[in-house]
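K.L.:
below is the structure, and that's it, no one-letter string:
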């Protein structure tokens, strides 16, 4: 059965010149943190383009992202997965690797080399950052987030033999591999669906520890409210059953 190799990758960008990396950042009402997120991503020197998907924001998210150096794509219909899919459709034709991360400042973009280097080296097809295995700032993840990531990992171990420890949004995948997955989820189940589909497809998977911090501005749409937590949890569970059933 397919497994996940765990190790802490040292920085060093071998073979970077062979790849065109596009970073996709779904963002909804993130005008406070988004400019710093874009700048931190660009400071790594890894991506050739940064795409911020403005997902029906009612603030200046798009304006601030563009001013910081991102290419802004509009997705007027709310939905985390829908925004990610819009970003994927918008990457440049030359793109070979797509990196996803959130626009709230919680993902440490400076650690992007850990996510992309195994793909650059031709060793992996999909690399996901594990917040639960890295250093977490106090309060950056609530109990439900930690538990759901671990629980999903146990279930996916039973289904596919793959032991994930998190459903972190900070991840990288070969573009060609992503396009073959047939992603369908338009809401918060997008991340789990990707993890399930890459496992079922027999792709080479690696999980690496990444650090995580509290969002640097704005309010969480998921963990910030009881309703948001309930809605996200419901969508994730529905996605689990749908994809496990082969749909």
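P.N.:
Yes, it's here. Computed from a prediction, not measured in an experiment: that's the story for all the values here.

K.L.:
C-alpha from now on. contacts and neighbour counts both.
P.N.:
Fine.

K.L.:
which residues does the most centrally placed residue in the chain contact?
P.N.:
Residue closest to the average C-alpha location in the chain (CA atoms, centre = their mean): residue 169, at 2.7 Å. Contacts for residue 169 (CA atoms under 8 Å, 6 or more residues apart in numbering) come out as 100, 101, 102, 128, 129, 191.

K.L.:
now with 7 Å?
P.N.:
Going by CA atoms under 7 Å, 6 or more residues apart in numbering, residue 169 touches 100, 101, 102, 191.

K.L.:
assign it to helix, strand or coil.
P.N.:
Classification of residue 169 by DSSP: H, G, I helix; E, B strand; the rest coil places it in coil.

K.L.:
please report how far it lies from residue 81.
P.N.:
Applying CA to CA, to the nearest Å, the value for residue 169 to residue 81 is 11 Å.

K.L.:
circling back to that earlier point, out of the contacts of residue 169, name the ones that lie in strands.
P.N.:
residue 100 (DSSP state E).

K.L.:
among the contacts of residue 169, which one lies nearest to residue 111?
P.N.:
When the contacts of residue 169 are compared for distance to residue 111 (CA to CA), residue 101 wins out at 11.5 Å.

K.L.:
surely that closest one meets residue 25?
P.N.:
Yes. Residue 101 is within contact range of residue 25, at 5.5 Å (criterion: CA atoms under 7 Å).

K.L.:
so which residues of this protein form helices?
P.N.:
Along the chain, counting by DSSP state H, helices occupy 34-43, 61-68, 80-90, 112-120, 143-160, 175-181, 190-200, 226-244.

K.L.:
among the ones you listed, which is nearest residue 206?
P.N.:
helix 112-120 (8.1 Å).

K.L.:
pLDDT of the closest one, averaged?
P.N.:
What helix 112-120 shows for mean pLDDT is 97.

K.L.:
ok, residue 202 to residue 196 distance?
P.N.:
For residue 202, the distance to residue 196 - CA to CA - is 10 Å.

K.L.:
revised request: answer the last question for residue 96.
P.N.:
Per CA to CA, residue 96 is found 21 Å from residue 196.

K.L.:
more neighbours: the two, which one.
P.N.:
Shown here are residue 96 and residue 196; by other CA atoms under 10 Å, residue 196 has more neighbours (22 against 19).

K.L.:
so where is this protein shaky, pLDDT-wise?
P.N.:
Per-residue confidence for the chain (pLDDT under 70) gives these ranges: 1-15, 221-231.

K.L.:
and the contacts of residue 169, which of them are buried?
P.N.:
Taking 16 or more other CA atoms under 10 Å as the criterion, what is buried in those is 100, 101, 102, 191.

K.L.:
the third one: what's it in contact with?
P.N.:
The reference is to residue 102. Residue 102 touches 25, 26, 169, counting by CA under 7 Å, 6+ apart.

K.L.:
make it 10 Å
P.N.:
By CA atoms under 10 Å, 6 or more residues apart in numbering, the contact set of residue 102 is 24-27, 30, 34, 37, 52, 108-109, 168-170, 215.

K.L.:
returning to that earlier point: how about the helices of the chain in TSV, adding distance to residue 219?
P.N.:
As requested, those are exported to TSV (distance: least, CA to CA, whole Å):
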stretch	distance to residue 219
helix 34-43	13
helix 61-68	13
helix 80-90	15
helix 112-120	24
helix 143-160	16
helix 175-181	30
helix 190-200	20
helix 226-244	11
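
K.L.:
so which of those comes closest to residue 210?
P.N.:
That would be helix 112-120 among those, by CA to CA, at 8.0 Å.
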